[in-house]
Structures are given as C-alpha cells and as structure tokens.
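K.L.:
okay, here's the prediction I keep looking at, along with the sequence it came from:
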Amino acid sequence: MALNPPVTDWQGRTVWLVGASSGIGQATAARLHALGARVAVSGRQTAALDAFARAHPGSLALSVDATEPGALQAAHDRLMAWSPSGRLDLVAYCAGHYQPMRAEDFDLDEALRHLQVNYEGALRLVSAVLPTLRAQGGGHLSLVASVAGYRGLPKALAYGPTKAALHNLADVLYLDLAPLGIGVSVVNPGFVQTPMTAANDFTMPALLTPAQAAEAIVQGWQRGHYEIHFPRRFTLWLKLMQHLPHAWYFPLVKRGTGV
C-alpha cells in the first residue's frame, strides 16, 4: 500500500545519502545515480566518498561526522548551494554503528557510541533538513533502521534499542509530515553483507549483497512504501514474531539462536 507519494522518475532529482562511505548507503547512491539522480554522499571516510564522486560524474562528496554538532547543518547548506533545482528531493540516513554485545560484556562507552551514531545522528539530520522540506512542501525523508529493532534479540544489547528508537521516530515524523506532502519511510533490512555485519560470528540467514539491498530500497521508494523490509522470506517471520506473547517469544528466540 502506498502511504507516500511514489517516486516514478529520478532524473535530475537531488538526493542526499548520509552514511554512504560503504555498504547499503553507497550501493543505494550508486543505484540512484544510475537512474539519473543528482547524488550527494556523506560519511566519515573522505577517500571513499571522493572515489565515489570520481566514479559517478555529477555527484557530490560531503565528508561529515554525523555525531558532530553543526556538521550536518553545514553539509546541508553546501548541498543546497550545489543543487541546481534548489530542492532536496530525498534524504536518507544510512549511517550505522554495530558491535555485538550481551549483558555479561556490557560496555557503557560502546553502548553510548551506538546511541550517538544510530539515533542522535538521525536527529541531527532531521534538524538540518526539516526546514527545507517544509518550505518546499515536498520531498522524502528516509531512516535506515533494522529488523533488530522489532524486538529484543541476542547480542543486540547496544544496537537493537537504537534501531527501535528509529522506528518510533519515523512513525511520529510520518504523522506530522504526511499532511504536508512530505514522504517519510523506515527501512528495515535483514542481514546484508557489509563491514558492520562482518563482526557477526554466526550464520546469517538470507544474507544479501549491498546491491540487492539497494534495489529493494529504491523499489520501496518508487512504490511509495512507508516500511521497506527485506528479504521478505526472512523479515516476514520476524514481523510475525512481533505479535507473539513474551511467554512464547523468549523460548522461541532462545531455541532459534542457541543462547
């Protein structure tokens, strides 16, 4: 069901992906560039961003640390000066930080790092782009969360809660912005082969490549979806488990993960 205005033509549209130094963000930027969009990529890895810009003519590299106060606002201002249309048609927060963590290994500094990158960075981006989107009366804001935010999962003590926060944030933003003609979406990938998931020491079912993830995300935006989750052969089971009572959910997860 289309809860957002579908994006049927990317030609000449200005899109900004934050967290595009590698992984899902970079693959999505490449896919949008191939479809004719004017792409701006941001992240902390300046060399990777510059290499992307060289390989994708007409794109813009904006090196930025999403956790640094004022950095995303400054990048936004540079982007708007660069945009030929003076518009921002789509912005996606793809930045993420993940380290497996369980209660016996709890690390406060590491947990707070997850909060800073995965959630506070998203808030900083929202603060930077909301005035532009509201003034335009259109555009699209997308937050890349995770199926780990559906319910508690082993080893996701630091990661899962930050992604759950993005789910709630996206819901509230949609309620406020949809009446203004602004699209909002939340992206919940399953396992994708990225530098983040390389930290996992367990078998990852239905593992996708970044290019496959990017294709699913772009198709979701094109179809006007609010929640974009994939691969469905994996995510539909997790969505079903959201509705189980705790007395069923906890034993099922323990049995399925061997914890």
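P.N.:
Happy to help now that I have it.
K.L.:
all contacts plus neighbour counts: C-alpha atoms, from now on.
P.N.:
Will do.
K.L.:
what about the helices in the stretch 101-250 of the chain?
P.N.:
108-114, 121-136, 159-177, 210-222, 232-241, 246-257 (DSSP state H, counting those that start in this stretch).
K.L.:
OK, contacts around the closest residue to Ala128 other than its chain neighbours?
P.N.:
Excluding the flanking residues, the one nearest Ala128 by Cα to Cα, 6 or more residues apart in numbering is Gln73, at 4.9 Å. Gln73 is in contact with Arg124, Leu125, Ser127, Ala128, Val129, counting by Cα atoms under 8 Å, 6 or more residues apart in numbering.
K.L.:
residues near the residue lying closest to the last one once chain neighbours are set aside, how many?
P.N.:
Among residues not flanking Val129 along the chain, His76 sits closest, at 7.1 Å (Cα to Cα, 6+ apart). Counted by other Cα atoms under 10 Å, the residues lying close to His76 total 20.
K.L.:
cool, and Gln242?
P.N.:
Using other Cα under 10 Å, Gln242 is surrounded by 14 other residues.
K.L.:
surely it meets Gly149?
P.N.:
No. Counting by Cα atoms under 8 Å, Gln242 sits too far from Gly149 to count as a contact (10.2 Å).
K.L.:
and stretch 150-157, how far apart are its ends?
P.N.:
Separation of the first and last residues of stretch 150-157 by Cα to Cα, to the nearest Å is 13 Å.
K.L.:
state the mean pLDDT of that stretch.
P.N.:
The average of the pLDDT scores along stretch 150-157 is 92.
K.L.:
quick revisit: among the contacts of Gln73, which one sits closest to Leu143?
P.N.:
Leu125 (10.0 Å; Cα to Cα).
K.L.:
buried set for stretch 135-153?
P.N.:
Residues of stretch 135-153 classed as buried by neighbour count (16 or more other Cα atoms under 10 Å): 136, 138-153.
K.L.:
run the chain-centre distance for that stretch.
P.N.:
Distance of stretch 135-153 from the chain centroid (Cα atoms, centre = their mean, to the nearest Å) equals 6 Å.
K.L.:
what residues does it touch?
P.N.:
87-95, 122, 133, 156, 159-167, 170, 180-190, 229, 235, 238-239, 242, 253.
K.L.:
give me the PyMOL select line for the residues you listed, limited to the buried ones.
P.N.:
Buried residues among the contacts of stretch 135-153 (16+ other Cα under 10 Å), as a PyMOL selection:
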select buried, resi 87+88+89+90+91+92+93+94+95+122+133+156+159+160+161+162+163+164+165+166+167+170+180+181+182+183+184+185+186+187+188+189+190+229+235+238
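K.L.:
strands along the protein, start to end?
P.N.:
When secondary structure is read from DSSP state E, the chain shows strands at 14-18, 38-43, 60-63, 90-93, 140-144, 183-189, 227-230.
K.L.:
now these as JSON lines including distance to Ala51?
P.N.:
Shown next, in JSON lines, are the strands of the chain (distance: least, Cα to Cα, whole Å):
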{"stretch": "strand 14-18", "distance to Ala51": "15"}
{"stretch": "strand 38-43", "distance to Ala51": "11"}
{"stretch": "strand 60-63", "distance to Ala51": "9"}
{"stretch": "strand 90-93", "distance to Ala51": "20"}
{"stretch": "strand 140-144", "distance to Ala51": "23"}
{"stretch": "strand 183-189", "distance to Ala51": "26"}
{"stretch": "strand 227-230", "distance to Ala51": "28"}
